[in-house]
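> Kindly generate the corresponding structure for this input.
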Amino acid sequence: MIKETIQSSIKWIRTWGTLPVFCWIKGASLYRQGKYRMAIPYYERGLKSYKNHPASHCARLDLAQCLFTEGRFMDAEQHLKAVATKIPSSREAQLRLARLQLWSGRSLDAAWTLRRALRTLKNDPKILGLFLYAVLDNEGPRFLLDEGLELVKRLPERGNNVLLEAVLAKIEYDKQKSLPARNAFLVFLENEDIPAEVYIMVAEMYIRTRETFRARDILREALEKNPEHPRILSLLAETYLKSGTVYNASYARQLAEKACQKASWLSPREMHVLAEAYYHLDDKISALIVASKAKEEGNRLLGSYRDSATLERLIDDLSTGTQA
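Numbering: from 1, shown residues only. From the prediction side, this is the model:
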């Protein structure tokens, strides 16, 4: 332990040119061991005393990850915003902040985060791909989509960013609805390292075209790689609420509950799916409670929840039924 501390101190001095902040060194050691809850107070203690230290942005990024794993999303977001605001060129801070917002069901927030990031990181295909995905996931607004597509034209080179290319293929498919365009979109499932967002876009396409079995196969594969992703869990739950030979409302409820937990009960979409599962199980009281919570969170969103009309109809039906 003493040897490790000495080595960490020497590395610290070489990196930052200052005396070590030992609580951050201790926090980083716990972080590397995956002991996130134990690491949190060490990072917080250091930030309280050294918030303007040159290493503070690294401490905030690590602390945000610890808080995220503990389900403290709002606390994590504040630290990520602090870094993203102070250091707009921090690609890592911008991407982490946007992904946290997407994870908790706030696509438009993520889109605006990435739009601001693109002012500094104009030619970054990864940020641009996630920006376009967030706009598509929110179903607009159109002017943001047009801005993103214009930035794509100005890229010196697009590189080999799977998400960006998949989003562009999805946009083309949405325009044409042709078999060649669909195949050009689906080809991205052949990549070795498929981003979660690609799985989600493909699964949603299959659900819309009522190809439930294909959607379920894709989502099961996605879940193996992303076992805690709220959207993947809730989309899989949605497939078990479709009528047919594999209809299973109880299993849908289990998946949707886990999705809500992983989103820290912040995402209206995940709660909407859970409310639907309760409705299918004829538990109208639970359905109404969760649907009302989904509406409440939807009202907090920047913009509006994209399925708000469907959610309102569900609440109306449930309100009528429970009163009777």
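> number of nearby residues for residue 280?
Neighbour count of residue 280, defined by other Cβ atoms under 10 Å: 17. Backbone N, C-alpha and C define where each C-beta goes, glycine included.
> which residue packs closest to it, ignoring adjacent ones?
residue 249 (3.8 Å; Cβ to Cβ, 6 or more residues apart in numbering).
> State the helix or strand in which the closest residue to residue 112 other than its chain neighbours lies.
Leaving aside its sequence neighbours, residue 112 sits nearest to residue 302 (Cβ to Cβ, 6+ apart; 6.9 Å). Here residue 302 sits in a region with no helix or strand, counting by DSSP states H and E.
> State the pLDDT value of residue 302.
For residue 302, the model assigns a pLDDT of 78.
> And residue 172, how close does it get to residue 130?
Using Cβ to Cβ, to the nearest Å, residue 172 is found at 18 Å from residue 130.
> pLDDT value on the residue nearest to residue 280, please?
So residue 249 comes in at 96 (pLDDT).
> Could I get the pLDDT score of the nearest residue to residue 204 once chain neighbours are set aside?
On the basis of Cβ to Cβ, 6+ apart, the spatially nearest residue to residue 204 that is not a chain neighbour turns out to be residue 235, at 6.8 Å. Listed pLDDT for residue 235 reads 97.
> what do you get for the one 5 residues further on?
On pLDDT, residue 240 comes in at 96.
> who are the neighbours in contact with it?
Counting by Cβ atoms under 8 Å, 6 or more residues apart in numbering, residue 240 makes contact with 246-249, 251-252, 255.
> related to what we said a few turns ago, more neighbours, residue 172 and residue 130?
Legend: neighbour count by other Cβ under 10 Å for residue 172 and residue 130, higher for residue 130 (27 against 15).
> can I assume the more buried one is in contact with residue 163?
Yes. In this structure, residue 130 is within contact of residue 163 by Cβ atoms under 8 Å, at 6.5 Å.
> what sits in contact with each of the two?
residue 197.
> Residue 120 - how many residues pack around it?
Neighbour count for residue 120, taken as other Cβ under 10 Å: 14.
> What residues does it make contact with?
Taking Cβ under 8 Å, 6+ apart as the test, what residue 120 contacts is 88-89.
> From residue 216, how far out is it?
For residue 120, the distance to residue 216 - Cβ to Cβ - is 41 Å.
> how near is the residue nearest to residue 260 when sequence neighbours are not counted to residue 302?
Nearest residue to residue 260, sequence neighbours excluded (Cβ to Cβ, 6+ apart): residue 270, at 4.9 Å. For residue 270, the distance to residue 302 (Cβ to Cβ) stands at 18 Å.
> which of those two has more neighbours?
Neighbours per residue, other Cβ under 10 Å: of residue 270 and residue 302, the larger number sits with residue 270, 31 against 13.
> and the more buried one, how far is that from residue 223?
14 Å.
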